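In: generate coordinates for the sequence data below:
(chains A and B)
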Amino acid sequence: MTRYASVLDLIGNTPVVDVSALSPKPGVTILAKLEGRNPAGSVKDRVALSMVDAAERNGRLIPGQDGQTLLEPSSGNTGIALAMVCRLRGYHLKVVLPTNVSPERRQLLVAFGAEIIDSPGNEGSNGAVRLAQSLSTDHPEWIFLYQYANPANPLVHYTTTGPEILADVPEITHFVAGLGTSGTLMGVGRYLKEQRPGIQIWAVEPPSGETVDGLRNLDDGYVPPIFSDNDGEKLLDRRVIIRPRESIEWTRRLTEVGLFSGLSAGAVVAGAAKCAASIEDGQSATIVALIADDGWKYLSTGAWSDDLDEVVERAKATIYF
Amino acid sequence: MSAVLRVPTVLRPAMGGATVIAVEGSTVGEVLFKLTTTYPAVKGQLLNDDGTLHRFLNVYVNDDDVRYLGGVDALIANDDEITLLPAVAGGLW
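Out: This is a model prediction of the structure:
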């Protein structure tokens, strides 16, 4: 066994496992990259460490100095990852969190010593972003890393996640991941397209805008600055919605190959299956699907144990992606 | 072509409160333009003056984003399901 000096050294270099048993098409391989193996449990460990390191390098954060506070809107994983990094680096973290996230996410934030500021659940992540922006204006002394606009977010995927995927799967033809801040897709997508220009980048998202009712009109909408800054519309080849029922069905199907994954992973693998189905008969392809986290934080949703219809209804009112 | 269109919460007040409506048109642009004539309150909310999609409107045909299928020129087939969604902050991880 390798010996590590810090938990932070455990971030990245996640394994890839063949889940082609779930592929709807013979000859199309599906591989899952397991980001739940990161120490705080998700792909966001990479982003959190990258943003804090960048802030320390450019002097916004001063290592070892008391009384420094960070502020971040998050529906969970970024907050949890930042809380872990901040605990180790000695910073205080305030997380703006929609009220309708799973209780496990809330508890993990508390476990790592973060302070939670509630934002209205019916406004989703939009509401959390708006409140954090307003708090940041009122408190310029707080360090606002702002994952939606921070170039250190896509950069860490360009420098680590992308190269790891290509090293482990040189035959990759398609990459599928969830679209949230767009950091993963922008960073990995840009790296892979530079290295393999023919590769296809597929984005999967839940129908978030369907249920968010805090919008007055479309002009209240939001496109993450890192998506625009990286010319996301040109970088992506396809962008598909996966609805809650399909996400949960595929989260359950992942257990058939021994994977206990978060609900967004179900959506991403459903997207990978859709991608596989689009490959012409007789053609081969290798799809890498990024599994953002494991299932532990979602046990309270009953996703694996309760009646599917009930879980779907519950999921519509919960932020799980 | 006749298709069904799912209306997001934010546009329902301007479109008579319906959640799902029947629409006609051979392309996404044609369907959206017809909506602006039937429901004048959504004018400026769907299409820009140059006929391109509003920046914060995502349009999906059978759950596939039309920006990657030809944009407003994406074709509509009979019984397709069109979904309009406002672009909102994701980052739910």
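In: now the worst-scoring helix or strand of chain A on mean pLDDT - C-alpha only, CSV.
Out: In chain A, no helix or strand scores lower on mean pLDDT, DSSP states H and E than helix A:208-211, which sits at a mean of 70. Provided in CSV are the C-alpha atoms of helix A:208-211 (Å, rounded to 0.1, in the frame of the first residue of the first chain):
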residue,chain,number,x,y,z
SER,A,208,-34.2,21.4,-13.5
GLY,A,209,-35.9,24.4,-15.1
GLU,A,210,-39.2,22.5,-15.1
THR,A,211,-39.8,22.7,-11.4
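In: chain center to that helix: distance?
Out: 18 Å (Cα atoms, centre = their mean, to the nearest Å).
In: avg pLDDT for the helix or strand following that helix?
Out: Sequence-wise, the next helix or strand downstream of helix A:208-211 (DSSP states H and E) is helix A:225-229. Averaging pLDDT along helix A:225-229 gives 95.
In: for stretch A:285-299, same thing?
Out: Mean predicted lDDT for stretch A:285-299 stands at 96.
In: go on, stretch A:264-280?
Out: On average, stretch A:264-280 scores 97.
In: and stretch A:14-31, by the same measure?
Out: The average pLDDT within stretch A:14-31 is 97.
In: do the same with stretch A:115-125
Out: For stretch A:115-125, mean pLDDT rounds to 90.
In: and the least confident helix or strand of chain A, what does it pack against?
Out: Packing contacts for helix A:208-211, counted by 3 or more Cβ pairs under 8 Å, 6 or more residues apart in numbering or on different chains; DSSP states H and E, involve helix A:124-138, strand B:81-86. Backbone N, C-alpha and C define where each C-beta goes, glycine included.
In: any residue of the last one touching chain A?
Out: Going back to what we said before, that points to strand B:81-86. Yes. Contact of strand B:81-86 with chain A (Cβ under 8 Å from any Cβ of the partner chain) involves B:83, B:85, B:86.
In: could you pull out the buried residues of that strand?
Out: With burial defined by 16 or more other Cβ atoms under 10 Å in any protein chain shown, the residues of strand B:81-86 counted as buried are B:82, B:83, B:84, B:85, B:86.
In: tell me the gap between that strand and the middle of its chain.
Out: Counting by Cα atoms, centre = their mean, strand B:81-86 comes out at 5 Å from the chain centroid.
In: then the longest one?
Out: Using Cα atoms, centre = their mean, the mean C-alpha position of helix A:124-138 is found 19 Å from that of the whole chain.
In: which ones are touching the closest residue to chain A within chain B?
Out: Closest residue of chain B to chain A, Cβ to the nearest Cβ: residue B:56 (2.6 Å). With contact taken as Cβ atoms under 8 Å, 6 or more residues apart in numbering or on different chains, residue B:56 is in contact with A:218, A:219, A:220, A:221, A:222, A:223, B:86, B:87.
In: name the nearest residue to the fourth one, sequence neighbours excluded.
Out: Counting by Cβ to Cβ, 6 or more residues apart in numbering or on different chains, residue B:56 is the residue found nearest to residue A:221 once chain neighbours are left out, at 2.6 Å.
In: just the pLDDT at the residue in the stretch 101-250 of chain A that chain B sits nearest to, thanks.
Out: Closest to chain B within the stretch 101-250 of chain A is residue A:221: 2.6 Å, counting by Cβ to the nearest Cβ. In this prediction, residue A:221 carries a pLDDT score of 84.
In: hmm, residue B:84 and it touching each other?
Out: No. Residue A:221 is beyond contact range of residue B:84, at 11.7 Å (criterion: Cβ atoms under 8 Å).
In: anything in contact with each of the two?
Out: Common neighbours of residue A:221 and residue B:84 (Cβ under 8 Å, 6+ apart) are residue B:57.
In: nearest to residue A:270 among the buried residues of strand B:81-86?
Out: residue B:83 (16.2 Å; Cβ to Cβ).
In: contacts only, for the residue nearest to the spatial centre of chain B.
Out: Central residue of chain B (Cα atoms, centre = their mean): residue B:84, 4.3 Å from the mean position. Residue B:84 sits next to B:5, B:6, B:7, B:8, B:11, B:46, B:57, B:58, B:59, B:60 when contact means Cβ under 8 Å, 6+ apart.
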